[in-house]
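>>> Sequence plus predicted model, see below.
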Amino acid sequence: MSVNVKYINPFIEAAQSVLKDMCQQDLKIGKIYLKASPYASSEVVVNIGVTGDIKGQVLFSISKDVACSIASKMMGGMEVKELDELSKSAVQELTNMILGSTATIFYNRGISIDITPPCLLIAQDIKISISDMKIISIPLEFIPTGETFEIDVGIRE
C-alpha cells in the first residue's frame with residue numbers, strides 16, 4: 001500500500017499557512033518518512049480523527065517545551081512555562097485550525113473530509129499504535145528558532 005502525495009501535501013500546506021498566521025514563524029519541512037507502528041512519541045500528543053472520503057488519524061507530536069513556546073506565540077508572546085489549561089487549549093486550537101484548513105484544501109480538490117475534536121495527551125514514554133495504516137511522519141522546524149515537532153498522518157481511502 002502506498003500513500004499518494006495528494007493526501008500528504010494538504011497537511012503540509014495547512015501547517016505552513018496556519019503556523020505563519022498564528023505563530024508568525026516560517027516552517028522548514030524535514031525529510032518525510034514512514035514510521036513503523038507502534039512508535040515512540042513526544043510527551044505531548046494531539047490526536048484528531050479524519051472521516052469521509054479518506055479516513056484515519058492525525059497526530060501532532062510535540063515536546064512540552066515546544067508546546068509551551070507555541071502557546072506563548074499564540075498568546076501574543078506571553079511567557080508560558082507550564083502547560084496549564086489555557087496553554088493546553090491554545091495548542092489544541094492550533095492543531096484544530098491546521099486540520100480545519102487541511103479539510104478546506106481537500107474540499108477544494110474534490111475530497112470531502114470531516115475532523116473530530118482534538119484530543120490532547122500528556123505523558124512520558126507514549127507509544128502510538130495505529131493498525132492497518134501506514135504512518136507518514138512530516139517533521140517540521142520553526143525558522144529561525146529551530147524548534148521541531150512532527151505531524152504523523154495515518155490515512156486510508
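Here it is on my side, so go on.

>>> contacting residues around the residue lying closest to residue 55 once chain neighbours are set aside?
Nearest residue to residue 55, sequence neighbours excluded (C-beta to C-beta, 6 or more residues apart in numbering): residue 156, at 5.8 Å. The way it works is simple: take the backbone N, C-alpha and C, and place the C-beta from them, glycine included. Contacts for residue 156 (C-beta atoms under 8 Å, 6 or more residues apart in numbering) come out as 1, 54, 55, 56, 132, 133.

>>> repeat that with 7 Å
Neighbouring residues of residue 156 by C-beta atoms under 7 Å, 6 or more residues apart in numbering: 54, 55, 56, 132, 133.

>>> Which members of those residues are the farthest-apart pair?
Using C-beta to C-beta, those span at most 13.5 Å, a distance reached by 54 and 132.

>>> More neighbours: which of the two?
Comparing residue 54 with residue 132 by other C-beta atoms under 10 Å, the one with more neighbours is residue 54, at 16 against 9.

>>> Next, count neighbours for the closest residue to the more buried one other than its chain neighbours.
Among residues not flanking residue 54 along the chain, residue 155 sits closest, at 4.9 Å (C-beta to C-beta, 6+ apart). When neighbours are defined as other C-beta under 10 Å, residue 155 has 21 of them.

>>> Sticking with residue 155, tell me its helix or strand.
In this structure, residue 155 sits in strand 148-156 according to DSSP states H and E.

>>> could I get that strand in PDB with only the CA atoms?
Once non-C-alpha atoms are left out, strand 148-156 reads as follows in PDB (Å, rounded to 0.1, in the frame of the first residue of the first chain):
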ATOM      1  CA  THR A 148      10.800  21.000  16.000                       C
ATOM      2  CA  PHE A 149       7.700  18.800  16.000                       C
ATOM      3  CA  GLU A 150       6.100  16.200  13.800                       C
ATOM      4  CA  ILE A 151       2.700  15.600  12.200                       C
ATOM      5  CA  ASP A 152       2.100  11.900  11.900                       C
ATOM      6  CA  VAL A 153      -0.600  11.000   9.300                       C
ATOM      7  CA  GLY A 154      -2.200   7.600   9.100                       C
ATOM      8  CA  ILE A 155      -4.900   7.600   6.400                       C
ATOM      9  CA  ARG A 156      -6.600   5.100   4.100                       C
END
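
>>> got the buried residues for that strand?
Neighbour counts using 16 or more other C-beta atoms under 10 Å place 148, 149, 150, 151, 152, 153, 154, 155 of strand 148-156 among the buried residues.
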